[in-house]
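Peer 1: Sequence and predicted model, in that order:
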Amino acid sequence: MDDARPPYIDLHASGELEQIADRLEKRLEACDICPRLCGVNRLRGERGYCHSLEKPVVASYCEHRGEEPVLSGSRGSGTIFFANCNLRCVYCQNYQISQDWQGQEVNTVTVETLAGYMLELQNRGCHNLNLVSPSHFVPQIVRALGLAVPLGFRLPVVYNTNSYDSLETLAELEGVVSIYLPDLKYADDQQAKKYSRAADYTLHARQSIREMYRQAGGLKLDENGMGVKGVLVRHLILPGGIAGTRESLAWLSEEVSREVGLSLMSQYHPSNWAKRYAEINRNILKEEYGAALRIANEYGFKRTFVQGLSSPQSYLPDFNLGKPFGN
Ligand code: SF4
């Protein structure tokens, strides 16, 4: 099968994409779309943990130039930022988007409008469709995709998630998503509970990443170096070892694969409520990031992406883990 051809085209042609959207939308009546299992009827205006209802809420969309080079390329990653979130990280750098659901209500759109955003990003020349914080809007995304495909939409879909996903929901995305871009935030549920309000994060994130790998495999690039298929895991280094880097990367290499892409993120800075937690009320140190790089090197991931410390909004090109770390 041609990895560059988005598999959802065949799903649409066979009518399956519409059936997937039907099944997912039905689940909104007693919402179990993510592991929170709120059971609320989102179609009747009941709000669960993510405060999201029937219609998608899109905070913004754009050509994103600061993602990993295999996603941003030369023309940008066509990024749609969904509002609200099913985690509540105390240090969230996008808390106005993820945690102010009342402020974001003004950005509520129809699935037809969402499909229009997808097509617009394709028309702007973006390499892919990058769905940021999609977990609580999967039914709406699949429905919108089904509307966009007959209008010519063909970009590979990137599922850019915090990994607090439901296995049942991910199973519906097989053949819809080309590239999974999951966070691996913690290795310890005490930390996950304290900083992200998810006491079972590790279980769900790990089983989700396993499922993503089962569906998409290791990260594959085309002849131009752009990602076409596979899993690219993001690990945000937190101050004081709170992210559990060694444990998480050991698990990823031994229980999943070294063929997944690994993105080590240095961009942490204390936002939102982080100032209330002395241990995370600082940027990460150069030594902490260097230690994370050495751990990644030790576990032998095939392709690792590294952010600069002084300019974490961009990735260092051609980074070789054998070189000393610096800016
Ligand atoms: S998607 Fe939202 S309402 Fe549904 S289970 Fe998750 S947090 Fe609850």
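Peer 2: Structure's in. What do you need?
Peer 1: need the longest helix for the chain.
Peer 2: Taking DSSP state H as the criterion, the chain has its longest helix at helix 201-216.
Peer 1: touching the ligand at all, it?
Peer 2: No - using CB under 6 Å from any ligand atom, we find that helix 201-216 stays clear of the ligand, coming within 11.2 Å at best. For glycine as for every other residue, the C-beta is placed from the backbone atoms N, C-alpha and C.
Peer 1: immediately after that helix, which helix or strand?
Peer 2: Later in the chain than helix 201-216, the nearest helix or strand by DSSP states H and E is strand 220-221.
Peer 1: quick one, the helix or strand just after that following strand and helix 201-216 angle?
Peer 2: Next in sequence after strand 220-221, counting helices and strands by DSSP H and E, comes strand 227-236. Interaxial angle, strand 227-236 versus helix 201-216 (axes from the mean of the first three to the mean of the last three CA atoms, to 10 degrees): 170 degrees.
Peer 1: which helices and strands sit right next to strand 227-236?
Peer 2: Using 3 or more CB pairs under 8 Å, 6 or more residues apart in numbering; DSSP states H and E, the elements in contact with strand 227-236 are helix 69-72, strand 179-182, helix 201-216, strand 220-221, helix 245-251, strand 261-265.
Peer 1: Rounded mean pLDDT for the helix or strand hosting I20, please.
Peer 2: Assigning secondary structure by DSSP H and E places I20 in helix 16-27. For helix 16-27, the mean pLDDT works out to 98.
Peer 1: Please spell out which residues along that helix are buried.
Peer 2: By 16 or more other CB atoms under 10 Å, the buried positions in helix 16-27 come out as 17, 20-21, 24-25, 27.
Peer 1: Now that helix - C-alpha only, PDB.
Peer 2: Extracted in PDB, the C-alpha atoms of helix 16-27 (Å, rounded to 0.1, in the frame of the first residue of the first chain):
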ATOM      1  CA  GLU A  16     -17.100   3.400   6.100                       C
ATOM      2  CA  LEU A  17     -16.000   6.900   7.000                       C
ATOM      3  CA  GLU A  18     -19.600   8.000   7.400                       C
ATOM      4  CA  GLN A  19     -20.300   4.900   9.500                       C
ATOM      5  CA  ILE A  20     -17.400   5.700  11.800                       C
ATOM      6  CA  ALA A  21     -18.700   9.200  12.200                       C
ATOM      7  CA  ASP A  22     -22.200   7.800  13.000                       C
ATOM      8  CA  ARG A  23     -20.900   5.500  15.700                       C
ATOM      9  CA  LEU A  24     -18.800   8.100  17.300                       C
ATOM     10  CA  GLU A  25     -21.600  10.700  17.300                       C
ATOM     11  CA  LYS A  26     -23.900   8.200  18.900                       C
ATOM     12  CA  ARG A  27     -21.400   7.900  21.800                       C
END
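Peer 1: Can you show me the strands along the stretch 1-150 of the chain?
Peer 2: With DSSP state E, counting those that start in this stretch as the criterion, the stretch 1-150 of the chain has strands at 58-64, 77-82, 129-132.
Peer 1: Alright, calling it a day.
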